[in-house]
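Undergrad: coordinates only, sequence not included:
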């Protein structure tokens, strides 16, 4: 039996990140998005990237293992606060706050493994950068 908890996990991650002061002091809460990002978003912003769900089953629980990419985008000023520096700071903070992930009522976390971060320049002319921060989150339903 496969219980797909992709949407509740996604919603839980977005809500959790939106409440993290360490993150929102550099990345405003209103710029933390689910998978759909509005046209021409203001930088910096974060998007819950394409999730890859797989079944999780143990002796007493059924749930979902979800490979998640959190895409963080930053635009800098090469002389004042370069985008490369901003994206490094944002990705480090993101990894740190995700170490304390709480998905909220109804979901229990079995594992929350950081898999790695990849950074790349998006638009050199505008000093725009992207970090793809990957996690594998396994969650089970704890209440109906």
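TA: Now that the structure is in, tell me what you want to look at. Quick caveat: nothing in here was measured; it's all calculated off a predicted structure.
Undergrad: pLDDT on the longest helix along the chain, on average?
TA: Scanning the chain for the longest helix, with DSSP state H as the assignment, gives helix 83-98. Summarised as a single mean, pLDDT over helix 83-98 is 95.
Undergrad: Packing partners of that helix?
TA: Applying 3 or more Cβ pairs under 8 Å, 6 or more residues apart in numbering; DSSP states H and E, we find helix 83-98 packed against helix 6-18, helix 21-24, strand 62-75, strand 107-123, strand 128-141. To be clear about C-beta, it is placed using only N, CA and C from the backbone, and glycine gets the same treatment.
Undergrad: What residues of it count as buried?
TA: 83, 86, 87, 88, 89, 90, 91, 93, 94, 95, 97, 98 (16 or more other Cβ atoms under 10 Å).
Undergrad: And it, how far out from the chain middle?
TA: From the chain centre to the centre of helix 83-98 is a distance of 11 Å (Cα atoms, centre = their mean, to the nearest Å).
Undergrad: how big is the angle separating it from strand 128-141?
TA: For helix 83-98 against strand 128-141, the angle by axes from the mean of the first three to the mean of the last three Cα atoms, to 10 degrees is 10 degrees.
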